[in-house]
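>>> please work out how this folds:
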Amino acid sequence: QASAALASARAAGALSVRWAGAALNDDAYSRLRMEQELRHAIAAGELELHYQPQIELRSGRPLGAEALARWRHPTRGMIPPDKFVPVAEECGLVEALGRFVLETAARQAAAWAGLGFHLRVAVNVSAIQLRNPSFAQTALDILREADCDPALIELEITESAAMADPDHAARQLAPLRAVGVRIAIDDFGTGYSNLASLTRLPFDVIKIDRGFVRDALEHPNARMVVAAVLGLAANLGVETVAEGVETEEQLAFVTAHGCTFGQGYLFSRPVPAESLLTWRRNQLVAELRRMAGAGAARPAANAALEALARLASRERALPA
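Numbering: from 1, shown residues only. As a prediction, this is how the structure comes out:
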C-alpha cells in the first residue's frame, strides 16, 4: 500500500501527498490485472489493428493509413490504446506490442498491394522500442518475413522520442530509410525541439498534432504554429500530415497552407482492414460518378473501374 501511495504521489508531481488506502489499492490491483490480461491478449491474438486513412489533399485519394492497435477483450469489449498502451510501457510489454503491430501492418500492406491497392501503412514506434540497439535490424527482419515492400511502411517517431538521443535515433532510422521505409516525426510542435538536431534526422514526413489543427481556427497562436510548421516542412522538402481534421473549415485551412495529407474523422474513423476496403470501394464509386458527370478522359475512368473490380473481387473472397 505504501508503494502504491508513493507511485501515485510521484506521478502527481512535486510536493504531492497521497495516503495509502483502499482506493489506491483498488487502482493497483486493477492495473496488475490489466497487465496479466494484456500478456495473455498478446499471446492469444485478442489484439487487432484498425486503419485510419490519410488523404492526399491535392487529389482527394487515400495514399496512406495509420495502423492503430485495438484490444478486443472477451468480457470488456473493445479497449482503446490509451487504456492499455501505458500499461504495456510500464510492465515491459511495449516491445512485444510494437512487434505485433509492425508484423500485422506489414502483412496487411503486402496483401493490399497484391490487390493493386498500394496503401502506405504508418506504424507508431515507442521511445522504448527506438532505444533498443537492434530496433532497425528487427524491423528489417519483420518486413522481409512479411514479404512487404519497405516503401509501403512508414514509421512514426514522436518528436520527444527522437530528441531524447538524436544521434542514436539517426543511427537506427538511417538503414530503414535507405531501403525505402518512410520516417515521420509525430506530434510535431508539442515538444521542445532543437531544430538543428531535428534536421539531422533522416525523416520524410512531419505530422502536425491534432491539438493545433483543432485550435487553428479559433486561436491565433495555434494558427501561427500550423502555418510555421507547414512553411518549415516546405523549405525542408518533406511532406506533412494534419491529424484530427474533423471539419470542412479545418480541411480548407490546412489545404490552403500547403499541407500534403489530412487524417481525421472528416474522412473516416479508424476501421478494420475489411471495412477499409469497403470504404475505398464506395470512394471509387463516387469518383466514377464525378468523372462521368465531368466527362473525364477514358483512361482515368478505366483505371478507377479496374481498381473497383479488384476490390470487389477481394470482398467476394472474404469469409462470411
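
>>> quick one: the strands in the stretch 51-200 of the chain?
For the stretch 51-200 of the chain, the strands defined by DSSP state E, counting those that start in this stretch occupy 61-73, 77-79, 120-125, 153-158, 182-188.

>>> to Asp204, which of those lies closest?
Evaluated over the strands of the stretch 51-200 of the chain, closeness to Asp204 peaks at strand 182-188, with 4.5 Å, by C-beta to C-beta. All C-beta spots, glycine's among them, are computed from the backbone N, C-alpha and C.

>>> what comes up buried for the helix or strand containing Ala43?
For Ala43, the host element (DSSP states H and E) is helix 22-44. For helix 22-44, the neighbour count (16 or more other C-beta atoms under 10 Å) marks Leu24, Ala28, Arg31, Met34, Glu35, Glu37, Leu38, Ala41, Ile42 as buried.

>>> just checking, which of those comes out lowest on pLDDT?
In terms of pLDDT, Ala28 ranks lowest among the buried residues of helix 22-44, with 69.

>>> please identify the buried residues of stretch 233-246?
Neighbour-count burial for stretch 233-246 [16+ other C-beta under 10 Å]: Ala233, Val238, Glu239, Thr240, Val241, Ala242, Glu243, Gly244, Val245.

>>> what's the answer for stretch 105-116, then?
Residues of stretch 105-116 classed as buried by neighbour count (16+ other C-beta under 10 Å): Ala105, Ala106, Arg107, Gln108, Ala109, Ala110, Trp112, Ala113, Leu115.

>>> what of stretch 152-166?
Leu152, Ile153, Glu154, Leu155, Glu156, Ile157, Thr158, Glu159, Ala161, Ala162, Met163, Pro166.

>>> just stretch 142-155 next, same as before
Ile142, Leu143, Ala146, Cys148, Asp149, Pro150, Leu152, Ile153, Glu154, Leu155.

>>> separation between Cys148 and Ala139?
11 Å (C-beta to C-beta, to the nearest Å).

>>> scratch that, Glu37 is what I was asking about
27 Å.

>>> shaky segments in the stretch 1-150 of the chain?
Residues of the stretch 1-150 of the chain that meet the criterion pLDDT under 70 lie in 28.

>>> using CSV, write out every CA atom in stretch 209-227.
In CSV, the C-alpha atoms belonging to stretch 209-227 read as follows (Å, rounded to 0.1, in the frame of the first residue of the first chain):
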residue,chain,number,x,y,z
ASP,A,209,-0.6,17.4,-33.7
ARG,A,210,-4.4,17.3,-33.7
GLY,A,211,-4.5,19.9,-30.9
PHE,A,212,-3.0,22.6,-33.2
VAL,A,213,-5.4,21.6,-36.0
ARG,A,214,-8.4,21.7,-33.7
ASP,A,215,-7.4,25.2,-32.3
ALA,A,216,-6.1,26.7,-35.5
LEU,A,217,-9.4,28.4,-36.5
GLU,A,218,-10.0,29.9,-33.0
HIS,A,219,-6.7,30.7,-31.5
PRO,A,220,-4.1,32.9,-33.4
ASN,A,221,-1.1,31.2,-31.7
ALA,A,222,-2.2,27.7,-32.9
ARG,A,223,-2.9,29.1,-36.3
MET,A,224,0.6,30.6,-36.4
VAL,A,225,2.2,27.3,-35.3
VAL,A,226,0.4,25.3,-38.0
ALA,A,227,1.4,27.9,-40.7
